[in-house]
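no sequence for this one, just the structure:
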């Protein structure tokens, strides 16, 4: 396919149309792979070709080359020798995922970049040791299945299901210290607890309890996190291939507490239509035992934050010779760790997994182009997702310039919207997010891509299958005074099941609208072509 580019002179007009969010847009188009300007390809530590290339230098890549760079957001362990012992133990453990699965995921993400699929990435803000149970895993998995069916059926597009599960334990923090919570005020006043303690950085590092002992980083939590991830993956694989995720069970996925909600009723209606479609296909001869009807693909993801842990699970694939981080199928680099010359980009540039990078409204277009070149110098489709998190106003103001810069460079990325992290606020002493703001950012994301004629590739949500009250608003009608009733997160607020499903219905409506618009543009183009040909024929003299 020939590479398509657009003239730069129209950029200002496109930005104006995005700000209005109502201008007619061109048809989104697939971008063909094309070589881009990038540094020389790096060799692996073992001297065999890795196939992903270096970032901002020509140095050789290896699983430990990140140690030559500055590593941000790493815990300060009191005993480095104990860290080495814990990491060495993990190094002997089996991989959590397999290289072939990561390669398949990259193929799916490439389809999302072309508009032939849509990414649904969701799960806990941070997994917790204390909340680990089969029921919780099942309920979150079940809501993700519901959401994917809504998007597939309503948007007529395959869904790439990507869980923030089986490894999403660590959280970057904006400050090294945190103040005592209100519950500890009396103990602080009595001198029993300090007014500040080291920040809680996720169960894989330290404990959430506000005590000096709990906040000391413990390297053996790495081992516990590995074991919990392995158990979680075992359950997810069983659900995905054992019949639980079969389309014939669509109606049975509903959660009890959603039975009387508007979203629950809408889902039941949709499930009924899915059942009718399956019955029709069965009447046409489709085998109900077909794997497409009984199984589903489900992938895991987490933020690549603790580099000791990621390095320990980085293994060389015997089939291709490439290195893969076998802690998850997909890893992303956060807003606080995406420095081009730092350790996290250095590590991610060399692994064979598909990867992502989170981008806020602070990102400069030229910097993004350089970062994309560093993480995907071979311009492989599906290799890199750019996950934007900047609030609705930031999306409308900043995203057009970022998209245009990446397109002008001929770079292939999957654009994903994270409407959570740009919308956090404090209410009644609780961190929360307003559903209306979350939806507004998703709306802006679709509007921008519609106006530019580019592809909205997916959404990235912090959500749970639990009946929590952490985000305000939506059809669940969670009010500010409800936050204290079921506020269970150890870190950031999550959408509950009703709010998540409501978001899925909205995403499906936007995908359907996009598909209808493209079909209308194609029909108009064909009609114009027929008129032109008819005019040519009418003006021709026949002898």
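Done, it's in. On a predicted model such as this, the values are computed, not experimentally measured, just so you know. Residues are numbered from 1 along each chain as shown.

Please, where are all the strands along this structure?
Secondary structure of the chain, counting by DSSP state E: strands at 118-123, 159-164, 177-179, 196-198, 299-303, 314-316, 323-325, 330-333, 355-359, 384-388, 414-417, 424-427, 430-433, 458-462.

Those strands: which one's closest to residue 377?
For the strands of the chain, proximity to residue 377 was assessed by C-beta to C-beta; strand 384-388 is nearest, at 10.3 Å. For the C-beta atoms, the positions are set from N, CA and C on the backbone; glycine is no exception.

ok and the closest one relative to strand 458-462, angle-wise?
60 degrees (axes from the mean of the first three to the mean of the last three C-alpha atoms, to 10 degrees).

hang on, isn't residue 144 packed against residue 164?
No. In this structure, residue 144 is not within contact of residue 164 by C-beta atoms under 8 Å, at 9.8 Å.

overlap in contacts of the two?
122, 123 (C-beta atoms under 8 Å, 6 or more residues apart in numbering).

Name the nearest residue to residue 464, ignoring sequence neighbours.
With C-beta to C-beta, 6 or more residues apart in numbering as the criterion, residue 464 has its nearest non-adjacent residue at 4.7 Å, and that residue is residue 494.

mind checking the backbone torsions on the one you found?
phi -120, psi 150 (degrees, to the nearest 10).

got the contact list for it?
124, 125, 462, 463, 464, 468, 470, 471.

can you redo the strands of the chain as TSV with distance to residue 101 and mean neighbour count?
Below are the strands of the chain laid out as TSV (distance: least, C-beta to C-beta, whole Å; neighbours: other C-beta atoms under 10 Å):
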stretch	distance to residue 101	mean neighbour count
strand 118-123	16	27
strand 159-164	12	26
strand 177-179	37	13
strand 196-198	36	17
strand 299-303	7	26
strand 314-316	13	19
strand 323-325	9	26
strand 330-333	10	26
strand 355-359	15	26
strand 384-388	17	26
strand 414-417	18	27
strand 424-427	33	13
strand 430-433	32	20
strand 458-462	18	27
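
Nearest to residue 62 among the ones you listed would be which one?
Per C-beta to C-beta, nearest to residue 62 of the strands of the chain: strand 323-325, 8.1 Å.

So which elements touch that closest one?
When contacts are defined as 3 or more C-beta pairs under 8 Å, 6 or more residues apart in numbering; DSSP states H and E, strand 323-325 packs onto strand 314-316.

List the contacts of the strand it packs on.
Contacts to strand 314-316, defined as C-beta under 8 Å, 6+ apart, come from residues 44, 46, 63, 95, 99, 322, 323, 324, 325, 326, 351.

Compare the residues you listed and tell me which is most surrounded.
Using other C-beta atoms under 10 Å as the neighbour criterion, residue 325 leads the contacts of strand 314-316 with 29 neighbours.

show me the contacts for that one.
Contact analysis of residue 325 by C-beta under 8 Å, 6+ apart lists 304, 310, 313, 314, 331, 351, 353.

how far away is residue 300 from residue 109?
For residue 300, the distance to residue 109 equals 14 Å [C-beta to C-beta, to the nearest Å].

wait, residue 369
For residue 369, the distance to residue 109 - C-beta to C-beta - is 20 Å.

more crowded one of these two?
Higher neighbour count among residue 369 and residue 109: residue 109, with 28 against 18, using other C-beta under 10 Å.

Give me the longest helix you can find in this structure.
When the chain is parsed with DSSP state H, its longest helix is helix 497-538.

What angle do strand 458-462 and it make with each other?
Using the same axes, to 10 degrees: helix 497-538 against strand 458-462 is 170 degrees.
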